[in-house]
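Student: give the three-dimensional model of this entry:
(one chain, ligands or ions: 1)
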Amino acid sequence: MDREMDRAVEKILNARYVIALTGAGISTESGIPDFRSAGGLWEKYNPAEYATIEAFRSDPGKVWRMLFDMVDITVNARYNAGHAALAELEKMNILRCIITQNIDNLHQEAGSANVIEYHGNVSRLECLHCGADYDKNEFDAATLIQKKIPPVCRKCGDILKPAVVLFGELIPEEATVVSLDAARKADVVLVVGTSAVVYPAANIPLVAKQNRAVIIEFNTERTALTNFATDIFIQGMAGKTLPEMVRCLKAAM
Ligand code: NAD
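Tutor: Numbering: from 1, shown residues only. Have a look, this model is predicted:
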């Protein structure tokens with residue numbers, strides 16, 4: 001791993017435009033399960049059955065049973081050393097932006113300023129019927145956590161949906177435009193804790209690669225990307241490998 005880390009540090013120090021794409025894996029050390037963790041949320045709720053817009057439209061109460069569990073988990077989660085390392089990399093004027101597939105707000109809590117939320121954020125609620133949107137904090141915790149009653153729109157009375165992108169929904173337009181622009185400009189992409197199988201997010205490193213960017217992947221295991229797009233693979237928990245990368249960068253500067 002040391003040799004790979006040395007190569008990564010050299011590429012980053014010589015780069016003009018470094019971006020990161022993060023996935024659920026960066027938040028597992030904060031106690032939020034990814035799609036694969038044994039005993040995680042997704043063993044209880046099959047995403048193909050619960051995390052789709054069709055399921056929400058036909059039975060929002062059923063989907064909210066999963067969402068309540070998700071709110072419980074994310075409300076208590078704190079950012080970890082991996083999130084903090086990326087925030088520091090931005091403060092060192094190395095990292096331009098983070099494109100995240102996560103909805104947990106932990107990059108922002110760690111201090112990252114330039115975060116593109118590709119799949120939305122669980123802290124906002126939206127009405128599919130009339131288009132109203134709300135901050136989650138406008139609804140008291142009892143409604144969202146203890147009583148387990150789905151919140152309803154104050155304008156039209158319909159059941160609200162968290163402003164997260166469910167399977168079958170479009171990516172927010174601004175996130176698409178800004179992240180494609182970043183991918184085209186990037187000469188290094190840090191791909192952290194994503195299985196790279198959910199599209200179109202998984203396209204971001206491929207677009208960058210077409211423009212000859214170097215792909216540096218941080219994951220505990222090999223992924224769909226590793227064999228055909230990754231240039232440097234750094235295996236391990238992101239909460240250890242990312243702080244290690246920051247330490248090595250500082251030592252080499
Ligand atoms: P995924 O579950 O498909 O893959 C997670 C990846 O992270 C795996 O490759 C795994 O090997 C790796 N990983 C796990 N722990 C790690 C660690 N400590 N360090 C480094 N790597 C680690 O996740 P995905 O690719 O992000 O796709 C899942 C979809 O589900 C995304 O669209 C995302 O929006 C959503 N999701 C989000 C959250 C969240 O907001 N925290 C949690 C679960 C799912």
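Student: for the rest of this, base every contact and every neighbour count on C-alpha atoms.
Tutor: OK.
Student: so what touches the host helix or strand of V71?
Tutor: Using DSSP states H and E, V71 maps to helix 60-75. In this structure, residues lying in contact with helix 60-75 by Cα atoms under 8 Å, 6 or more residues apart in numbering are 31-32, 41, 45, 50-51, 55-56, 104, 122, 144-145, 148, 150, 159.
Student: give me the subset of those that lies in helices.
Tutor: Those of the contacts of helix 60-75 mapping onto helices are 41, 50, 55-56, per DSSP state H.
Student: on the three-state scheme, the residue most central in space within the chain is what?
Tutor: Nearest to the mean C-alpha position of the chain, by Cα atoms, centre = their mean, lies N102 at 2.4 Å. Assigned by DSSP: H, G, I helix; E, B strand; the rest coil, the conformation of N102 is coil.
Student: tell me the phi and psi of I215?
Tutor: In terms of degrees, to the nearest 10, the main-chain angles of I215 are phi -100, psi 120.
Student: if we can go back for a sec, and the ones in helices among the contacts of helix 60-75 as TSV, adding pLDDT and distance to D181?
Tutor: Shown next, in TSV, are those (pLDDT from 0 to 100; distance: Cα to Cα, whole Å):
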residue	pLDDT	distance to D181
L41	77	34
Y50	90	32
A55	95	33
F56	94	32
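Student: ok, so of the residues you listed, who is nearest the ligand?
Tutor: Among the ones in helices among the contacts of helix 60-75, L41 lies closest to the ligand (Cα to the nearest ligand atom), at 8.3 Å.
Student: was I right about the closest one contacting P33?
Tutor: Yes - using Cα atoms under 8 Å, L41 is in contact with P33, at 6.5 Å.
Student: report pLDDT for D69.
Tutor: As predicted, D69 sits at a pLDDT of 84.
Student: any chance you could map the strands in the stretch 101-250 of the chain?
Tutor: 115-117, 120-126, 133-135, 161-164, 188-192, 214-219, 232-235 (DSSP state E, counting those that start in this stretch).
Student: against the ligand, how distant is N211?
Tutor: 23 Å (Cα to the nearest ligand atom, to the nearest Å).
Student: which bits of the protein sit near the ligand?
Tutor: Remark: the part of the chain in contact with the ligand comprises 23-29, 32-36, 101-104, 119, 193-196, 198, 218-221, 223, 236-238, using Cα under 6 Å from any ligand atom.
Student: what subset of the residues you listed is buried?
Tutor: Among the residues of the chain next to the ligand, the ones that count as buried by 16 or more other Cα atoms under 10 Å are 23-29, 32-35, 101-104, 119, 193-196, 218-220, 223, 237-238.
Student: on the three-state scheme, A77 is what?
Tutor: Assigned by three-state DSSP, the conformation of A77 is coil.
Student: does it touch E29 like I think?
Tutor: No - using Cα under 8 Å, A77 makes no contact with E29, being 9.5 Å away.
Student: where does the prediction get shaky in the stretch 101-250 of the chain?
Tutor: Counting by pLDDT under 70, the ranges of the stretch 101-250 of the chain that qualify are 140-147.
Student: make it 50
Tutor: Under the criterion pLDDT under 50, no range of the stretch 101-250 of the chain is flagged.
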